[in-house]
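1. only the shape, not the letters, is given here:
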């Protein structure tokens, strides 16, 4: 697991009396909790019940986490347990038997580890992206949109020549790569799941 | 890092990351941020373990107790005790399980606290029910101190 000093710092600050640090933890990791709820196919109301319990447990746990860097793993485990509880109640009510096959949402333990890893990587990428100048953020946002904007549209909207889009794209991505937020991942972790087909390093 | 990724892969991962954040409803995020209100509180947390308003819970029990199907029932559970709650008219009726006397505080988001006595069989009534979200803090005669998550009725 990645040993992210910024997670440790945020947990330490939040364990003190720093609401901003807590908010940042939520911004970073709510997508992980949400993604796991989605795997269990919970509706919004059930997902909110799960999340409220998860966050309350985290508040209680803040000063006691022995390894703050392991927070994402703890969140994933706690969220799964809460999802399982809610999903079991659903199955009972539909008289489908009282147990939920917990293996179903995650093919194996490797799948949950991958979910955690992607969540951490995504949080780091978002932080790095937020650190780019506005112009760079606009350009990249148009390029990673699904489907992406055409170069003609980007040229018109940003007022830059079509010929300069390619070089600017490369410079923005290089700047993203060099971002402090992305330090600490080793290459092996990034070979687990490469977007666009899993053909990593 | 990321030297092994080409620009297309990095851009795809970035798009995935931003979309994953956008997929999370705002209310989900706000609730998480609001949970910090429980920080620095000495009480033990009681977590929601049953809510009749969940469609599936209601469906499951409708056949058994159709006469009370419209009553909202909630259960909060902590290691030392459970709080069983039922909405009846303009009152919130509750019982501490296992039963014992104590004091029940109703706290609103605005910070207003109203205290209610808990009788010897653990029963209490909160009247009227707060209009907005509230939480209950229960202190029993034997020293348990338990706080629920936010409740909206």
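-> The structure has been received and is ready for your questions. Everything numeric here is computed off the predicted structure, so don't read it as measured data.

2. packing partners of whichever strand or helix holds residue A:143?
-> Counting by DSSP states H and E, the element that carries residue A:143 is helix A:134-144. On a contact count with 3 or more C-beta pairs under 8 Å, 6 or more residues apart in numbering or on different chains; DSSP states H and E, helix A:134-144 meets helix A:109-130, helix A:151-158, helix A:162-177, helix B:7-22. Bear in mind the C-beta positions are built from the backbone N, C-alpha and C, glycine included.

3. present these as CSV; the columns should include distance to residue B:49 and mean neighbour count.
-> Shown next, in CSV, are the helices and strands packed on helix A:134-144 (distance: least, C-beta to C-beta, whole Å; neighbours: other C-beta atoms under 10 Å in any protein chain shown):
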stretch, distance to residue B:49, mean neighbour count
helix A:109-130, 24, 19
helix A:151-158, 51, 14
helix A:162-177, 44, 15
helix B:7-22, 29, 18
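
4. can you give me the helices in chain B?
-> In chain B, the helices defined using DSSP state H lie at B:7-22, B:26-34, B:55-62.

5. how about those helices, which one is nearest residue A:127?
-> Counting by C-beta to C-beta, residue A:127 lies closest to helix B:7-22 out of these; the figure is 9.5 Å.

6. near chain A at all, that closest one?
-> Yes. If you take C-beta under 8 Å from any C-beta of the partner chain as the test, helix B:7-22 does meet chain A, through B:7-21.

7. tabulate the helices of chain B (TSV), appending mean pLDDT.
-> Output for the helices of chain B, formatted as TSV (pLDDT from 0 to 100):
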stretch	mean pLDDT
helix B:7-22	95
helix B:26-34	89
helix B:55-62	52
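
8. residues contacting the nearest residue to residue B:98 once chain neighbours are set aside?
-> Nearest residue to residue B:98, sequence neighbours excluded (C-beta to C-beta, 6 or more residues apart in numbering or on different chains): residue B:81, at 6.8 Å. By C-beta atoms under 8 Å, 6 or more residues apart in numbering or on different chains, the contact set of residue B:81 is B:46, B:96-98, B:100, B:138, B:140, B:144, B:146.

9. which of those has the most neighbours?
-> Highest neighbour count within the contacts of residue B:81, by other C-beta atoms under 10 Å in any protein chain shown: residue B:138, with 28 neighbours.

10. which pLDDT value goes with that residue?
-> Predicted confidence (pLDDT) for residue B:138: 96.

11. quick check: it touching residue B:146?
-> Yes. Using C-beta atoms under 8 Å, residue B:138 and residue B:146 qualify as a contacting pair, with a distance of 4.9 Å.

12. what touches both of those two?
-> Common neighbours of residue B:138 and residue B:146, using C-beta under 8 Å, 6+ apart, are B:46, B:81, B:83.

13. show me the residues you listed that map onto strands.
-> The strands, defined by DSSP state E, take in B:46, B:83 from those.

14. closest to chain A among the shared contacts of residue B:138 and residue B:146?
-> Closest approach to chain A among those (C-beta to the nearest C-beta): residue B:46, at 9.2 Å.

15. so who does the closest one touch?
-> B:76-78, B:81-83, B:138, B:146-149.

16. equivalent analysis for residue A:86, please.
-> Applying C-beta under 8 Å, 6+ apart, we find residue A:86 in contact with A:40, A:42, A:46, A:49-50.

17. show me these that map onto helices.
-> A:46, A:49-50.

18. among those residues, who's most crowded?
-> residue A:50 (28 neighbours).

19. what residues does that residue make contact with?
-> Contacts for residue A:50 (C-beta under 8 Å, 6+ apart) come out as A:33, A:37, A:42, A:79, A:82-83, A:86.

20. now do 7 Å
-> A:37, A:42, A:79, A:82-83, A:86 (C-beta atoms under 7 Å, 6 or more residues apart in numbering or on different chains).
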